[in-house]
Each structure stands twice: as C-alpha cells, then as structure tokens.
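Undergrad: Got a predicted structure plus its sequence, pasted below:
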Amino acid sequence: MMVRVRFAPSPTGYLHIGGLRTALYNYLFAKKNNGTMVLRIEDTDQNRLVEGAIEGLIQSMNWAEVYHEEGPFIQEGRIIQKGENGPYIQSERLPIYKEYIQKLLDNGWAYYCFCSKERLDKVRDEQKAKGDIARYDGHCRNLSQEEIEAKLKEGQPYVIRLKLPENRLVTFDDIVRGHIEVNTNDLDDQVLIKSDGYPTYHFAVIVDDYLMGITHIIRGEEWLPSTPKHVLLYEAFGWDAPQFVHLPNILNQDRKKLSKRQGDVAVEDFMKKGYLPEALVNFIALLGWSPGNEEEIFSIEELGQLFDLERVNKSGAVFDVSKLNWMNAHYIREASVERITKLSIPYLLETGYIQEEDLEKRYEWIEMMVESIKDKVSYLSQIPEQAALFFKDEISLEDQECHDILQGEQIPKLITVFREKIQKTENLDPTIAKGIFKEIQKEEGIKGKNLFMPVRIMLTGQMHGPDLMKIITVLGEKRIVERLNYVEDQYIS
C-alpha cells in the first residue's frame, strides 16, 4: 500500500505550533514509508477566513522545511496547485460535495433539516435544564418527500444532517489510542451541509480524504470525539476507512492546552524571535514522540529515519521554553558564523546599531562581532542586547564586585601599560591580543585574574561574557582607548 497522508489546516490565521507538529509528524511518516504528503486547505467556514493566511501557512512550513508533494504552493508570489487530486482548496470543491451529499440523501444516510436557530436553541436549553446531553432531537428525521419538496419550494432555509443509526456500537482502532467503541445513542445527527451550501468539516474531510487516497489520518486529539461519525460516513458511502492516529495535545506549563495567553504559540512568533528552523523542528518532534533512547539532537533527516507512530505517547507534552532555548542555543553554536551573521543583521539594523550603508564596508567587522557573541544567545533577537557592549560610549559596572576589582593596586599600572601597547599595535586580531597579555605578564608580573578580569571589566563593565580576545579585536584601538580613559576618570580612585 502506498502511504498517503495529509495536513489540512484552516486558513484562519497563523500556523499554530501544534499545527506544525501535526504537519511534521505527517511529513516524517510519509518520509519513513516513501509515501506522499498532501496539503489541503479547509476553508469551508467562510466567516473565519483571514486574508493571507494560506500564504502564511505555506511560508511557515517551507521555513521549517516540512514540505508537501501535492496541494497549494507559492510560485512567483501567487498560489498555484499541483497534483492529480485537486482542487486542494475546499471552497473550490463545492460541486464535488454536492454530488456526494446527494448520494447520502438517496441512500437514507442523510436528511434535510428545516429547524430554525430559535427552535434549536430552545430544545438545547430544555435538554440542559433536564440534565440531558444537548443535541438535535431528530425533529426533521422523518419528514415525507412531499413535505420536504414543499419546504424547498417555499425557499425555507435548511441544513443537511447525518442520519445516525440508533443504538449502534461504532468501533475503530487508533494507532495511539488503541481500540475505541462508542454508541450512536451518545452522538448527534451531525450537520453535513450548512445553510450557506458549504460542507461542514465532518463531511468534507471524509469525501476529500477518500478521493485523495489518504491512507493514514494523523491529526490532533481534539478530533477524536468526531471520529465515530466519520467512521459511519465511510460506512454510508461503502468505503474502507483509513487508519486513524490522534496525537496528544501540546500543553502549557500548567498542563492545560497550549494557549497564546501564556506565551508564543505561532510559528511566526518563533521565526521573528530568531529561532532556527532545525531547532524548532527538533524540539517539537520530541513533544509527544520519543526515539527510544536518550538522544535529543536530531536533524530532520535523522527524524525521518527514526520516526515511528507506535512510539507516539497518549499523554500531552509540556512545551518547555527553557528546553527549546537550550536546544536553539546548541544549533546557533553549531551553525556557521556566516549564516548567523546574515540572520542577525535584521535585528542589528532594527536597533540602529548598524546602518544599511555599513553592511558592505563593515561586513567583516560585523561578522567578527557576531562570532564573539553568538555563543551567548538562546535566540537571535537577543543579539543586539549582547552587541550593546561594542557600541556604547560609556562603561557601566554591573555590580559592586566589579568596582572593587578596579581598586586593585595593580590597576593604574595595568591601564597605562595596556593602553600604550594597544596604541602601538596595528591590525589587532585575537592572536596579537593574546601576545599583548603575554608581554604584560612577562614585563610587569601581572598575571591571571589580576590581569584578565580587570581588563574585561574596563572594556565591558562585566566580569563574564564573550571571548576577551575577540572583544578586543572587535572594539579596535580607538574605542579601547576611549573606554580605558573613561574608566580611569570615573572609577579609579
């Protein structure tokens, strides 16, 4: 059997981090089984559509390198569709749904419902007051053909509902959840076609998954309660149901479903903050799945080789931002200086530390600066905060201990000697900077913490930070001398 999976988001805004994980698991399963991944846009709820959302979804997936083979793509700034099973945007498939709903009406698995919103609200209120489950009471289930035709002729608004069999046990197997049984008496006659003529999710998804040859439905656990009705719809059409896989929720620290109220949840949020795609993908792959060993760092290629639906957990996984930051910092350290510099430049431009006209003539200096600080950040929007030490004119000591260190008896001599050697040096680089310290050690006998710590504090105001030799190289003679003079005037008693 050729494996075919699909990721089917609604274009109602940003791509949620949970949506990206669903797309990723579909992608990895397809990759592992030499299958095909389809992207389908489920836009049947026309009231919730957000302009540009489809483009945003595709761009976020491309950024994460979670690619599909069929569906909508962005080409030369516009949306095109590729594949033999299109259209892949549901609002363009209305004639198909019209054809298939008629099949259900003809075989008795669906019926017209003319109940008004007011009546439905009243029925549900009465049911709730009695402590019953609020659901449709079947008022229109048994209308005669003559009654239906008369109401249609009068132009009465209607929906079309699934006609559930009574007291039937619906069973299916889920790779994650195991064997599941639900009685139809606990279900509702689901609306299949809305009053605006558009299909509901529950109808369109069945028709589309069948016609697109989907073999495995990998989606969030919020769709699990609807699956028995989906199973019945497959039966109604005489089709074999695909294999179901319902993924656990991603949770906040309080173990409730991940919500924007408690932090970033959109893939775009993480893109803007400067997380690397491979880090985010690595992190979310482990939210609900484990490889069976203690390893935590995986490329997307390695994930594709290891991924197994049998190892997906039932319980929700907590989105631990500190763990993500640790993982992203690892990928930043491992990335090339050239790549991190290019990704950091927008943040440096935004803060005004560099200008567009600086990029070409000062690129090597910018690259050296980024190299000196990139190991200190968890995500790239933190780069300007770390870079500040290279741009400020005055030194502010971070604590009293720094001030105390600068009161050492060797400090006046150290400032004088270090300043003189810097002023005599051309083409500063880390190797030359190390040579200056060796000379001071040999000539003045100032060594270890009495040498390196005071110089770091005089140049940065801090006891710890990026590699000191790189700091000296990036600051250059003029700024180093200015800082030494400032410290000498302000802090040396």
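TA: Received, thanks.

Undergrad: Spell out, range by range, the strands that occur in the stretch 251-400 of the chain.
TA: 317-318 (DSSP state E, counting those that start in this stretch).

Undergrad: ok, which stretches of it are helices?
TA: Taking DSSP state H, counting those that start in this stretch as the criterion, the stretch 251-400 of the chain contains helices spanning 267-273, 277-285, 300-306, 321-334, 337-351, 358-361, 363-373, 383-387, 400-405.

Undergrad: and the fourth one, what does it pack onto?
TA: Helix 321-334 makes packing contacts with helix 277-285 when contacts are defined by 3 or more CB pairs under 8 Å, 6 or more residues apart in numbering; DSSP states H and E. Every residue, glycine included, has its C-beta placed from N, CA and C.

Undergrad: quick check: mean pLDDT across the helix it packs on?
TA: Mean pLDDT, computed over helix 277-285, is 98.

Undergrad: ok now it, how far from the chain's centre?
TA: In terms of CA atoms, centre = their mean, to the nearest Å, the centre of helix 277-285 is set 8 Å apart from its chain centre.

Undergrad: now swap in stretch 32-43 and tell me
TA: 18 Å.

Undergrad: separation between the closest residue to Ala53 other than its chain neighbours and Val205?
TA: Nearest residue to Ala53 in three dimensions, chain neighbours excluded: Pro11, at 3.6 Å (CB to CB, 6 or more residues apart in numbering). Separation of Pro11 from Val205 (CB to CB, to the nearest Å) stands at 15 Å.

Undergrad: swap in Gly292?
TA: Per CB to CB, Gly292 is found 32 Å from Val205.

Undergrad: Please identify which of the two sits among more neighbours.
TA: Using other CB atoms under 10 Å, the more surrounded residue of Gly292 and Val205 is Val205, with 24 against 9.

Undergrad: What strand or helix carries the more buried one?
TA: Assigned by DSSP states H and E, Val205 belongs to helix 201-211.

Undergrad: quick check: angle from the following helix or strand past that helix to helix 201-211?
TA: Once helix 201-211 ends, the next helix or strand along the chain (criterion: DSSP H and E) is strand 216-220. If you take axes from the mean of the first three to the mean of the last three CA atoms, to 10 degrees, strand 216-220 sits at 150 degrees to helix 201-211.

Undergrad: Tell me which residues of the helix holding Val205 come out buried.
TA: For helix 201-211, the neighbour count (16 or more other CB atoms under 10 Å) marks Tyr201, His202, Phe203, Ala204, Val205, Ile206, Val207, Asp208, Asp209, Tyr210 as buried.

Undergrad: Now render the residues you listed as JSON lines, adding pLDDT.
TA: Output for the buried residues of helix 201-211, formatted as JSON lines (pLDDT from 0 to 100):
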{"residue": "Tyr201", "pLDDT": "92"}
{"residue": "His202", "pLDDT": "94"}
{"residue": "Phe203", "pLDDT": "97"}
{"residue": "Ala204", "pLDDT": "97"}
{"residue": "Val205", "pLDDT": "97"}
{"residue": "Ile206", "pLDDT": "97"}
{"residue": "Val207", "pLDDT": "98"}
{"residue": "Asp208", "pLDDT": "98"}
{"residue": "Asp209", "pLDDT": "98"}
{"residue": "Tyr210", "pLDDT": "98"}
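
Undergrad: Name the nearest of those relative to Lys153.
TA: For the buried residues of helix 201-211, the residue nearest Lys153 by CB to CB is Phe203; the value is 24.7 Å.

Undergrad: give me every residue that touches the closest one.
TA: Contacts for Phe203 (CB atoms under 8 Å, 6 or more residues apart in numbering) come out as Tyr97, Tyr100, Ile101, Leu162, Leu192, Ile193, Leu233.

Undergrad: what's the angle between the lengthiest helix in the chain and helix 363-373?
TA: Longest helix in the chain by number of residues (criterion: DSSP state H): helix 468-490. For helix 468-490 against helix 363-373, the angle by the same axes, to 10 degrees is 90 degrees.

Undergrad: Hmm, Glu439 is touching Glu420, no?
TA: No: using CB atoms under 8 Å, Glu439 makes no contact with Glu420, being 10.7 Å away.

Undergrad: okay, the helix holding Val205 in CSV with CA atoms only?
TA: What follows is helix 201-211 as a C-alpha-only set of coordinates in CSV (Å, rounded to 0.1, in the frame of the first residue of the first chain):
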residue,chain,number,x,y,z
TYR,A,201,-15.6,19.8,8.3
HIS,A,202,-17.1,16.4,9.1
PHE,A,203,-18.5,15.9,5.7
ALA,A,204,-15.8,17.5,3.5
VAL,A,205,-13.0,15.7,5.3
ILE,A,206,-14.4,12.3,4.6
VAL,A,207,-15.1,13.0,0.9
ASP,A,208,-11.7,14.6,0.4
ASP,A,209,-9.7,12.0,2.2
TYR,A,210,-11.3,9.3,0.2
LEU,A,211,-10.9,10.9,-3.2
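
Undergrad: got any ranges where the stretch 251-400 of the chain has weak pLDDT?
TA: 260-263 (pLDDT under 70).

Undergrad: Next, the buried residues of stretch 278-296.
TA: The neighbour-count check on stretch 278-296 (16+ other CB under 10 Å) flags 278-291 as buried.

Undergrad: which of those lies closest to Glu482?
TA: Ala279 (37.9 Å).

Undergrad: check contacts around the closest one.
TA: For Ala279, the contacting residues are Leu324, Met327, Asn328, His330, Tyr331, Ile332, by CB under 8 Å, 6+ apart.

Undergrad: try 6 Å
TA: Applying CB atoms under 6 Å, 6 or more residues apart in numbering, we find Ala279 in contact with Met327, Asn328, Tyr331.

Undergrad: Pull out the buried members of those.
TA: Buried residues within the contacts of Ala279, defined by neighbour count using 16+ other CB under 10 Å: Met327, Asn328, Tyr331.
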